[in-house]
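In: Task: produce atomic coordinates for the following.
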Amino acid sequence: MKNKDTLDLGFLLIYLLSTLIFNKAKVNDTNNGFGKKIG
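Out: Next up, the predicted model:
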């Protein structure tokens with residue numbers, strides 16, 4: 001049972017990290033788009 005809990009925790013951590021990285025990349029793309037439009 002303890003192993004399963006650890007596995008779920010690790011999966012959650014990886015999911016949160018990848019979501020954070022994806023959102024950051026999306027924001028950077030949006031900023032670049034705005035910069036090109038303004039420039």
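In: quick one: low-confidence parts of this structure?
Out: Scanning the chain for pLDDT under 70 picks out 1, 33-39.
In: and if we set it to 80?
Out: In the predicted model, the chain carries pLDDT under 80 at residues 1-3, 25-39.
In: which stretches of it form helices?
Out: Secondary structure of the chain, counting by DSSP state H: helices at 2-38.
In: Identify the residues contacting F11.
Out: Under the criterion of CB atoms under 8 Å, 6 or more residues apart in numbering, the contact list for F11 is empty. In short, each C-beta sits where N, CA and C put it, glycine included.
In: Can you tell me how far it is from K26?
Out: 22 Å (CB to CB, to the nearest Å).
In: now swap in L13 and tell me
Out: 20 Å.
In: got it, and N32?
Out: Taking CB to CB, one finds N32 at 11 Å from K26.
In: Over to D8?
Out: Distance from D8 to K26, by CB to CB: 27 Å.
In: One more: G10?
Out: Distance from G10 to K26, by CB to CB: 25 Å.
In: now do I14
Out: From I14 to K26 the distance is 18 Å (CB to CB).
In: do L16 as well
Out: For L16, the distance to K26 (CB to CB) stands at 16 Å.
In: same deal with L17?
Out: In terms of CB to CB, L17 sits 15 Å off from K26.
In: what does D5 give?
Out: Taken as CB to CB, the span from D5 to K26 is 32 Å.
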